[in-house]
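What would the 3D arrangement of this be:
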Amino acid sequence: MAKLVHSMIRVLDEERSTAFYRQAFGLEIAERLDFDDFTLVYLSNAEAGFELELTINKGREEPYERGNGYGHLAVSVENLDAEHARLTEAGLNPRKLVELKRGGDVVGRFFFIADPDGYDIEVLQRGGRYL
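You can find the predicted model right below:
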């Protein structure tokens, strides 16, 4: 059986991106691999074994095009309202809180936030399938 281990996104500024993911989600650098043309930075925290891989291509100055195939990363938190308030206070501009309902039942509460490169991250209230 396959095990998911990481997802990769390309970013322009390593310091700006690692600072955002540290402040927003408590992700720290697990490993940094520097090569001639690019650098790989693996971010993780104690919550899960899954990592976010940042790829920084050296010499790249223009933003990446995300296209229409990219959706979002998702994280779950214990207290969605408190996280929304914390990120707002930190000036990270989370979007509005949303309740997803099906047949009148709430199946998820969440908000989105964008990282410095414009990648969307869904922040979900932990529970149900969103543990």
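
Show me what counts as buried in the top helix by length along the chain.
Ranked by residue count under DSSP state H, the longest helix found in the chain is helix 14-25. By neighbour count on 16 or more other C-beta atoms under 10 Å, the buried set for helix 14-25 is 17-18, 20-21, 24-25. Heads up, the C-betas are built off the backbone N, CA and C, glycines and all.

do stretch 35-54 as well
Buried residues in stretch 35-54 (16+ other C-beta under 10 Å): 41-45, 51-54.

Can you pull out the low-pLDDT segments for this protein?
Within the chain, the segments meeting pLDDT under 70 span 2.

May I ask you to confirm that residue 78 is in contact with residue 124?
No: the criterion here is C-beta atoms under 8 Å, and residue 78 misses it with residue 124 at 10.9 Å.

of the two, who's got more company?
Neighbours per residue, other C-beta atoms under 10 Å: of residue 78 and residue 124, the larger number sits with residue 124, 20 against 9.

Pull the number of nearby residues for residue 32.
Counted by other C-beta under 10 Å, the residues lying close to residue 32 total 14.

Residue 55 now?
15.

Walking through the chain, point out its strands one by one.
Along the chain, the segments classed as strands by DSSP state E run 6-10, 28-34, 38-45, 48-57, 73-77, 98-102, 105-114, 120-125.

who wins for proximity to residue 91 among those?
Smallest distance to residue 91 across these (C-beta to C-beta): 11.5 Å, for strand 105-114.

Contacts for that closest one next, please.
For strand 105-114, contacts defined as C-beta atoms under 8 Å, 6 or more residues apart in numbering pick out 24, 72, 80, 84, 87, 92-101, 120-125, 128, 130.

strands paired with that strand, and their directions?
When pairs are called by DSSP bridges, strand 105-114 turns out to pair with strand 98-102 (antiparallel), strand 120-125 (antiparallel).

Can you verify my assumption that residue 130 contacts residue 78?
No: between residue 130 and residue 78 there is no contact under C-beta under 8 Å: 11.2 Å.

Just give the number of residues close to the closest residue to residue 77 other than its chain neighbours.
Of all residues not flanking residue 77 in the chain, residue 83 sits nearest, at 4.7 Å (C-beta to C-beta, 6 or more residues apart in numbering). Residue 83 has 20 neighbours, counted by other C-beta under 10 Å.
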